[in-house]
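Peer 1: quick one, fold the following:
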Amino acid sequence: MCTFCDTDFVGTDGVNGGRFTSPDGLALAVAALWPKQRSSVRYVVCTGGEPLLQLDCALIGSLHAHGFEIAIESNGTMAPPPGIDWVCVSPKADADLVLRCGEELKLVFPQANAPPERYASLDFQHFFLQPMDSPQREANTRAAAEYCLAHPQWRLSLQTHKLIGLR
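Peer 2: This next block holds a predicted model:
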């Protein structure tokens, strides 16, 4: 059982999130929040909890129609619908891994029963270790960095916003 989650659950109060009556309504809301001065490339990451419980072909189509590239960060327990542009799997120790390929595997480290060796042969382009954010964060960061140095297939992934105090 997973005992951690790095997602801040915000936007579920209907102000900048919540429920939408249609996939296009959600895509329009996302587009309306996109800063006008940004480049023409729009990129939306569906994460927080398990995005594949909500993300379907209709929403993917609507987001693409509004000019968004779509990424997910999934725990890998469900197969994704077609059309997702970037797949990141962040496996949890005792969950059955269904999604075994994609662009990025990001393993929160350390996790009991989830050593990096368990995932190293999967079909991903990039392999990241992200130190578990806990009271032991500094020790976890050192251990992850040491593992990456000894196993160059893996790269260190830091949540820099937390390290510099941004929320």
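
Peer 1: just give me the residue closest to the centre of this structure.
Peer 2: Computing the C-alpha centroid of the chain and ranking residues by Cα atoms, centre = their mean puts E73 first, at 2.5 Å.

Peer 1: ok, for that residue, nearest residue in space, not its chain neighbours?
Peer 2: T47 (4.0 Å; Cβ to Cβ, 6 or more residues apart in numbering). All C-beta spots, glycine's among them, are computed from the backbone N, C-alpha and C.

Peer 1: which SS class is the residue nearest to the centre of the chain?
Peer 2: strand (DSSP: H, G, I helix; E, B strand; the rest coil).

Peer 1: distance check, it against P135.
Peer 2: The gap separating E73 from P135 is 24 Å, by Cβ to Cβ, to the nearest Å.

Peer 1: endpoints of stretch 46-56, how far apart?
Peer 2: Using Cα to Cα, to the nearest Å, one end of stretch 46-56 lies 11 Å from the other.

Peer 1: can you point out the buried residues in that stretch?
Peer 2: 46, 48, 50-52, 55 (16 or more other Cβ atoms under 10 Å).

Peer 1: closest to D24 among those?
Peer 2: For the buried residues of stretch 46-56, the closest approach to D24 (Cβ to Cβ) belongs to L55, at 14.4 Å.

Peer 1: burial count for A32?
Peer 2: Applying other Cβ atoms under 10 Å, we find 9 other residues in the vicinity of A32.
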